[in-house]
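Visitor: this is a predicted model, with the sequence first.
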Amino acid sequence: MIPVNSVLQVGHFPEIMQAEIDRRLSPARHLDIHAAPPVGNFQAVLIRSNLKLPEDLLRQIPSIRMVATCGVGYDNLPLDYLKEHGIKASNTPGVLNDAVCELAVGMMLALLRKLPEAQEYVKSAAWSKAPFKLTTTLAGKRIGIVGMGRIGQDLAKRLEPFKVEIAYSGPHKKTLPYTYYQNIQDLAKACDVLFLACPATAETNQLVNSEVLEALGPAGYLINIARGSVVDENALLDALQHKKIAGAALDVFENEPNPNAAFLNLDNVLLTPHIGSATSETRIAMTNLAVDNLEAFFKQQPLPSEVNN
Ligand code: NAP
């Protein structure tokens, strides 16, 4: 049981998540992050992973000892401040893998087979004048996954039945039946479709640069389901505009929800508005895992999914 007025909900949650929160606890609400926070002896914060938690807010409420973020990425938390002040943090890994991987597979198929363009072809009656252009077959392609973690491994399992070869890169080689490359550039050179499934960190910032895109080559596709910061967007725009790669499917952007407008005019991209985990089932599961973490904190039990900061 979470004591009343001990949790501060920061920012708005979609209706379905808010209903789940309200079913399980009664948080105080601090909806406008730019306004002064409410006064109270709050011990924990509940926030969505797409909202930046200002260090200043925590400074103003020194009673806070825990932050539960609803999402697996915790790049919007002030990690140094949390560590320095011994404030615990939790995220919601695992429960969103299905939704994110389903989107990733859908983006890949839609990108390679040009599904949005094909639908427009039928709707605009262009089909009556000429057949649609030929596209490319996925079977036989070489897939690279940058970041073979929970999502990366689930994605790889889903891709196996498509008759593709799978390889990956990341800090650690794992006991997996896939080829390992320590270096992303070598992976890009050895694959046709490069998925990004790593976290946003200082090390992954603009990891995909012009050299990596050049290594991917004019027949290669990039699919980013990780974070916008992992890609040098100017380099990507240049590669797309000059057909240095075949195409890109992007669910995440440097500047959300107002991505660089240059992406909007390209015909070799598939763009989605950061919807990796955006299914009702997944959002309910994420909310419940975030609240489970809060409950464990108040019971002084180990957190089910603590962020090891
Ligand atoms: P995870 O289990 O922690 O896996 C992350 C993987 O990235 C780990 O395998 C790690 O490698 C690898 N990695 C770390 N640093 C790297 C680097 N410098 N280069 C390459 N790989 C690196 O996390 P997850 O649950 O799979 O989630 C991954 C990310 O997906 C999240 O952080 C989030 O940003 C993103 N995501 C996006 C959406 C969306 O809506 N589009 C939804 C959910 C998650 P090691 O195992 O070798 O350490």
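Guide: Perfect, thanks for sending it.
Visitor: drop to CA atoms for contacts and neighbour counts, all remaining ones
Guide: Noted.
Visitor: pLDDT of the helix or strand encompassing Ala99, averaged?
Guide: For Ala99, the host element (DSSP states H and E) is helix 97-112. For helix 97-112, the mean per-residue pLDDT is 98.
Visitor: any idea which helix or strand comes after that helix?
Guide: Per DSSP H and E, the first helix or strand lying C-terminal to helix 97-112 is helix 115-123.
Visitor: the helix or strand that that following helix is followed by and the ligand, any residue contact?
Guide: Sequence-wise, the next helix or strand downstream of helix 115-123 (DSSP H and E) is strand 142-146. Yes. Residues of strand 142-146 contacting the ligand under Cα under 6 Å from any ligand atom: Val146.
Visitor: can you check stretch 220-233 too?
Guide: Yes. Interface with the ligand: stretch 220-233 contributes Ile225, Ala226, Arg227 (Cα under 6 Å from any ligand atom).
Visitor: rebuild the residues you listed as JSON lines, extending it with pLDDT, secondary structure and neighbour count.
Guide: Output for the residues of stretch 220-233 next to the ligand, formatted as JSON lines (pLDDT from 0 to 100; DSSP: H, G, I helix; E, B strand; the rest coil; neighbours: other Cα atoms under 10 Å):
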{"residue": "Ile225", "pLDDT": "98", "secondary structure": "coil", "neighbour count": "27"}
{"residue": "Ala226", "pLDDT": "98", "secondary structure": "coil", "neighbour count": "25"}
{"residue": "Arg227", "pLDDT": "98", "secondary structure": "coil", "neighbour count": "23"}
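Visitor: circling back to that earlier point, show me what the helix holding Ala99 is packed up against.
Guide: helix 150-159, strand 221-224, strand 247-250, strand 269-271 (3 or more Cα pairs under 8 Å, 6 or more residues apart in numbering; DSSP states H and E).
Visitor: please name every helix or strand in contact with the last one.
Guide: Helices and strands touching strand 269-271, as assessed by 3+ Cα pairs under 8 Å, 6+ apart, comprise helix 97-112, strand 247-250.
Visitor: make TSV out of those and add distance to the ligand and mean neighbour count.
Guide: Converted to TSV, the helices and strands packed on strand 269-271 look like this (distance: least, Cα to the nearest ligand atom, whole Å; neighbours: other Cα atoms under 10 Å):
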stretch	distance to the ligand	mean neighbour count
helix 97-112	6	20
strand 247-250	9	24
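Visitor: now stretch 80-87: buried residues?
Guide: Residues of stretch 80-87 classed as buried by neighbour count (16 or more other Cα atoms under 10 Å): Leu82, Ile87.
Visitor: now that stretch: mean pLDDT?
Guide: 98.
Visitor: re earlier: make TSV from the residues of stretch 220-233 next to the ligand and add distance to Ile47 to it.
Guide: Output for the residues of stretch 220-233 next to the ligand, formatted as TSV (distance: Cα to Cα, whole Å):
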residue	distance to Ile47
Ile225	21
Ala226	19
Arg227	18
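Visitor: from the residues you listed, pick the one nearest Asn183.
Guide: Nearest to Asn183 out of the residues of stretch 220-233 next to the ligand is Ala226 (Cα to Cα; 17.8 Å).
Visitor: show me what contacts that closest one?
Guide: Contact analysis of Ala226 by Cα atoms under 8 Å, 6 or more residues apart in numbering lists Leu196, Ala197, Cys198, Pro199, Ala200, Asp251, Val252.
Visitor: the third one and Arg150 touch, don't they?
Guide: No. Using Cα atoms under 8 Å as the test, Cys198 is too far from Arg150 to be in contact (9.8 Å).
Visitor: of these two, which one has the most company?
Guide: A direct count of neighbours by other Cα atoms under 10 Å for Cys198 and Arg150 places Cys198 higher, at 23 against 14.
Visitor: now do the more buried one, the pLDDT please.
Guide: For Cys198, pLDDT reads 98.
Visitor: list the contacts for the spatially closest residue to His30 that is not a sequence neighbour?
Guide: Leaving out its chain neighbours, the residue that sits closest to His30 by Cα to Cα, 6 or more residues apart in numbering is Val10, at 4.9 Å. Contact analysis of Val10 by Cα under 8 Å, 6+ apart lists Arg29, His30, Leu31, Asp32, Ile33, Val45, Leu46, Ile47.
Visitor: which residues touch the nearest residue to the third one once chain neighbours are set aside?
Guide: In other words, Leu31. Closest residue in space to Leu31, ignoring its immediate chain neighbours: Gly11 at 4.1 Å, by Cα to Cα, 6+ apart. By Cα under 8 Å, 6+ apart, the residues touching Gly11 are Arg29, His30, Leu31, Asp32, Ile33, Ile47, Arg48, Leu51.
Visitor: let's have those in a markdown table, adding distance to the ligand.
Guide: Below are those laid out as a markdown table (distance: Cα to the nearest ligand atom, whole Å):
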| residue | distance to the ligand |
| --- | --- |
| Arg29 | 25 |
| His30 | 24 |
| Leu31 | 22 |
| Asp32 | 23 |
| Ile33 | 22 |
| Ile47 | 15 |
| Arg48 | 12 |
| Leu51 | 13 |
